[in-house]
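Peer 1: structure of the sequence below:
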Amino acid sequence: MFTETILKLAEANEKILGISAAMPSGVGLQDFADKYKERFFDVGIAEAHAMTFSSGLAAGGFRPCIALYSTFLQRSYDQVFHDLVRQNTNVVIGIDRAGLVGEDGETHQGIYDISFLSHMHNMTIVHGKDEIETMQLLKQGFDHNGPYAIRYSRGGNFENVDYNSNEKIPFGT
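Peer 2: Residues are numbered from 1 along each chain as shown. Now for the predicted structure:
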């Protein structure tokens, strides 16, 4: 779902960039990297750098999307706060493996991101109830002003997703 949606969005908006911290296939950005080589950046195992880098790109008018596992997001706490939130930059953070993820092991449970992001002013955190809402919320993230974190679980069934839908999901529902 994440992969298909970001590819569709990037096709329509050349300002959308993809950023990975050494895990493009794990977070669903490998197809983006293959299709949009000039718009994809893998910064290596440097989540903090990914945040600062994306903030600078957003200040330059781009719409970066950083995708990382929830458990690795904590490595960039200071940069999320100082470079995204305090600067109110238009960056989408794709938080993969949000929640309990069973077979990924105890160190990969995505259970802390809500607690350390929710107290940050200017930060919007969303999580769809299903694949359709998640796809729509990702689309809305690129129209949102300010930092936008979208949480999504591992896997899913995407047979019934209408990628052309423009239905808006009201915040707070």
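
Peer 1: run the chain-centre distance for the strand ranked longest in the chain.
Peer 2: Criterion DSSP state E: the longest strand present in the chain is strand 63-69. How far strand 63-69 lies from its chain's middle: 4 Å, per C-alpha atoms, centre = their mean, to the nearest Å.

Peer 1: please export the C-alpha coordinates of it as CSV.
Peer 2: The C-alpha trace of strand 63-69 is given here as CSV (Å, rounded to 0.1, in the frame of the first residue of the first chain):
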residue,chain,number,x,y,z
ARG,A,63,8.0,17.4,-0.3
PRO,A,64,10.3,14.7,1.2
CYS,A,65,9.0,11.5,2.6
ILE,A,66,11.3,9.6,5.0
ALA,A,67,10.2,6.0,5.6
LEU,A,68,11.7,4.1,8.6
TYR,A,69,10.8,1.4,11.0
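
Peer 1: which helices and strands sit right next to that strand?
Peer 2: Applying 3 or more C-beta pairs under 8 Å, 6 or more residues apart in numbering; DSSP states H and E, we find strand 63-69 packed against strand 16-20, helix 47-59, strand 92-96. Quick note: C-beta positions are derived from backbone N, CA and C, even for glycine.
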